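Student: Sequence plus predicted model, see below.
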Amino acid sequence: MKCPKCEGLMSYEEFRDSSRSDRFYGWRCIPCGIILDILILKNKSMPPSEINRRETKIPRKLKKKRKSLSRNI
């Protein structure tokens, strides 16, 4: 298998979580060190979630205060 980042040789290895006794299997690139497993590949294939771009209304008092502060600078 070739690395998607550098096209180097990847080896299939067992990885262990040092804080817990969990272990998983994945691919590690020998030249660049990138690690890929099923969960990483699954997350990379998903589109990013849409950000809610709803505008929040600023009260008039704060708008006036903001304008007066910007004039003093």
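Tutor: Structure received.
Student: neighbouring contacts of the helix or strand residue 13 falls within?
Tutor: Using DSSP states H and E, residue 13 maps to strand 10-16. With contact meaning CB atoms under 8 Å, 6 or more residues apart in numbering, strand 10-16 is reached by 1-3, 22-30, 35-37. Heads up, the C-betas are built off the backbone N, CA and C, glycines and all.
Student: And those residues, which of them are buried?
Tutor: Buried members of the contacts of strand 10-16, counted by 16 or more other CB atoms under 10 Å: 3, 26, 27, 28, 29, 36.
Student: lowest-pLDDT helix or strand in this protein?
Tutor: For the chain, counting by mean pLDDT, DSSP states H and E, helix 60-72 ranks last in confidence among helices and strands (a mean of 54).
Student: What is the helix or strand just after the strand holding residue 13 packed up against?
Tutor: Counting by DSSP H and E, the next helix or strand C-terminal to strand 10-16 is strand 23-29. Here strand 23-29 touches strand 10-16, strand 35-36, helix 38-45, going by 3 or more CB pairs under 8 Å, 6 or more residues apart in numbering; DSSP states H and E.
Student: Which neighbouring elements make contact with the shortest one?
Tutor: When contacts are defined as 3+ CB pairs under 8 Å, 6+ apart, strand 35-36 sits against strand 23-29.
Student: Now do the strand it packs on: everything it contacts.
Tutor: Strand 23-29 is contacted from outside by 1, 3, 5-6, 8-17, 34-40, using CB under 8 Å, 6+ apart.
Student: where in this protein is pLDDT low?
Tutor: 48-73 (pLDDT under 70).
Student: again, 50 this time
Tutor: The chain contains residues with pLDDT under 50 at 50-55.
Student: that older thread, for residue 47, state which of the contacts of strand 10-16 is nearest.
Tutor: residue 36 (18.9 Å; CB to CB).
Student: give the contact list for the closest one.
Tutor: Under the criterion of CB under 8 Å, 6+ apart, the neighbours of residue 36 are 4, 10, 26, 27, 28.
Student: how about stretch 7-22: buried residues?
Tutor: By neighbour count on 16+ other CB under 10 Å, the buried set for stretch 7-22 is residue 10.
Student: Mind listing the residues bridging to the residue lying closest to residue 37 once chain neighbours are set aside?
Tutor: In space, and not counting its chain neighbours, residue 37 is closest to residue 26: 3.2 Å by CB to CB, 6 or more residues apart in numbering. Beta bridges link residue 26 to residue 13, judged by DSSP bridges.
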